[in-house]
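Chemist: Quick one, what's the 3D model for this:
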Amino acid sequence: MIERLFTKVANWVAHLAGVPPTFAICVLIVLVWGVTGPFFGFSDTWQLVINTGTTIVTFLMVFLIQNTQNRDSAAIQTKLDELILVSRAHNTFIGIEHLTESEVEEIRDKCEKAAKRHDREVAQAAVKKAVAGKNGTKKKAAA
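Modeler: The predicted model follows:
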């Protein structure tokens, strides 16, 4: 129950934080704060208001946005895993998000090398096919 409520609140806040009107409101708050500086003599209390407000908002937003990002990442990973399962891809790639960064980097390097080898093989096959087609045309023309 509390988890579902937190998820709804986190989604709602993350959505609101990412829309232009929210940014405009934040800019307006900072401008109003800046304009009121001379009226309050740029006092410590005046500075403390903006510092405290921004600190509290930042502190809370870090957790809400991280929660939203974690759920999005898990959902995307699950979808990718499902695509791997139903395709001809290697099932060994499922779960690699749990490996260390260096282990993932090693797998990525191996995949890049394999892709480059495959590209070369495809290019060589295309050249052979083109040459064979050209030679076949010359033989037909000679006959």
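
Chemist: Tell me the spacing between residue 27 and residue 106.
Modeler: 45 Å (C-beta to C-beta, to the nearest Å). Any C-beta I mention is one placed from the backbone N, CA and C, and that applies to glycine too.

Chemist: contact partners of stretch 85-96?
Modeler: For stretch 85-96, contacts defined as C-beta atoms under 8 Å, 6 or more residues apart in numbering pick out 81, 83-84, 103-104, 107.

Chemist: farthest-separated two in the residues you listed?
Modeler: Pairwise distances across the contacts of stretch 85-96 peak at 21.6 Å for 83 and 103 (criterion: C-beta to C-beta).

Chemist: all helices of the protein, in order?
Modeler: Along the chain, counting by DSSP state H, helices occupy 2-17, 20-36, 44-86, 101-142.

Chemist: Is it possible to get a markdown table of these that adds mean neighbour count, distance to residue 92 and mean pLDDT?
Modeler: Formatted as a markdown table, those follow (neighbours: other C-beta atoms under 10 Å; distance: least, C-beta to C-beta, whole Å; pLDDT from 0 to 100):
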| stretch | mean neighbour count | distance to residue 92 | mean pLDDT |
| --- | --- | --- | --- |
| helix 2-17 | 12 | 32 | 89 |
| helix 20-36 | 11 | 43 | 96 |
| helix 44-86 | 12 | 9 | 91 |
| helix 101-142 | 10 | 9 | 83 |
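
Chemist: I am finished for the moment; much appreciated.
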